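*Asks:* pasted the sequence and its predicted model underneath.
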Amino acid sequence: MKNSIKDFIIITLGSFLTAAGLFFFLEPHSIAAGGVYGFGLVINKFLPFLPVGLLMIMMNIILFVIAFIVIGPSFGAKTIYSSFSLSGYMMLLEMAFPKFKPLTNDVLLDLIIGILIQGVGMGIIFNVNASTGGTDILAKILNKYTHIEIGKSLLIIDLVSTILAGMCFGVTKGMYALLAVIINGLLIDKLIISFNDRKEVVIISSKQDIIKDFIINELERGVTLYKAKGAYTDNKFDILDTVVSKKEFIRLKRYIKSVDCDSFVKVNNIYEVLGEGFKSINE
């Protein structure tokens with residue numbers, strides 16, 4: 001329950017950031033940066049009495065069924081909340097700031113700032129195994145069955161809406177939309193890697209017993225022991241191998257320094273860890 005509440009709070013924040021990036025920076029310039037938002041923006045051009053937020057809700061409903069069937073109820077439930085939050089924020093912003101004008105006359109500057117804000121929001125949402133709905137659902141399905149990174153999957157799906165944007169708003173706006181989709185896809189992948197970054201720490205020390213106890217009891221992480229023999233000295237010893245978060249690595253490094261400054265420590269960056277204490281292998 002605690003983890004579920006935390007996930008929904010994170011999704012709420014991510015949805016707001018995504019809506020803010022879209023509404024304040026991209027929509028005033030008619031930049032259809034992929035997804036149902038892009039399709040909604042195109043439809044709104046021909047049916048201006050239908051708000052983009054409402055169009056997003058209508059299109060998302062169709063795709064929710066797919067999410068439940070193909071991906072599972074957990075992803076679908078979070079996505080429903082995320083999607084309605086995003087669409088709701090869009091509708092609230094449209095009502096609070098009707099006919100909102102571009103913040104600057106520099107389309108490229110607004111595009112970059114908007115995509116950065118939106119990308120952070122979407123990265124936060126994807127990281128808790130959810131989505132903002134719409135074509136994100138299709139991207140998640142593509143990621144699940146082809147193992148293409150989620151950002152690149154989103155890029156493939158969103159190319160269609162950018163083509164439509166070019167047809168409706170002109171080639172220049174279409175090219176801006178394509179640039180926005182590319183930046184967004186790459187940014188999301190980088191953010192997800194950053195969120196899940198872990199450290200594999202390999203330790204050779206004369207104080208291995210107390211270091212092992214510190215990892216198990218203080219950091220509450222598992223440790224694997226390997227039997228080894230030095231090639232130069234022929235001395236036999238154990239190698240400690242553990243995986244920790246970035247914050248835990250700082251604590252571990254400080255502790256090793258305090259008990260054995262002559263330790264040999266090798267650190268590898270790990271971009272995904274599945275199993276007990278980390279991300280479930282079923283996600």
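*Replies:* Sure thing, it's come through. Numbering: from 1, shown residues only.

*Asks:* so residue 21 touches residue 110, yeah?
*Replies:* No. Under the contact definition of C-beta atoms under 8 Å, residue 21 does not touch residue 110, with a separation of 10.0 Å. (C-beta placed from N, C-alpha, C; glycine too.)

*Asks:* okay, the two: which has more neighbours?
*Replies:* More neighbours sit around residue 21 than around the other of residue 21 and residue 110, counting by other C-beta atoms under 10 Å; the figures are 25 against 21.

*Asks:* roughly how far apart are that one and residue 15?
*Replies:* Using C-beta to C-beta, to the nearest Å, one obtains 11 Å as the distance from residue 21 to residue 15.

*Asks:* and for the two, which residues touch both?
*Replies:* Taking C-beta atoms under 8 Å, 6 or more residues apart in numbering as the contact definition, residue 21 and residue 15 share the neighbouring residues residue 121.

*Asks:* so what's residue 180 up against?
*Replies:* With the criterion set at C-beta under 8 Å, 6+ apart, residue 180 makes contact with 26, 31, 33-34, 111, 114-115.

*Asks:* redo those as JSON lines? Include neighbour count and distance to residue 239.
*Replies:* Formatted as JSON lines, the contacts of residue 180 follow (neighbours: other C-beta atoms under 10 Å; distance: C-beta to C-beta, whole Å):
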{"residue": "26", "neighbour count": "27", "distance to residue 239": "51"}
{"residue": "31", "neighbour count": "29", "distance to residue 239": "53"}
{"residue": "33", "neighbour count": "30", "distance to residue 239": "49"}
{"residue": "34", "neighbour count": "28", "distance to residue 239": "47"}
{"residue": "111", "neighbour count": "20", "distance to residue 239": "50"}
{"residue": "114", "neighbour count": "26", "distance to residue 239": "49"}
{"residue": "115", "neighbour count": "26", "distance to residue 239": "44"}
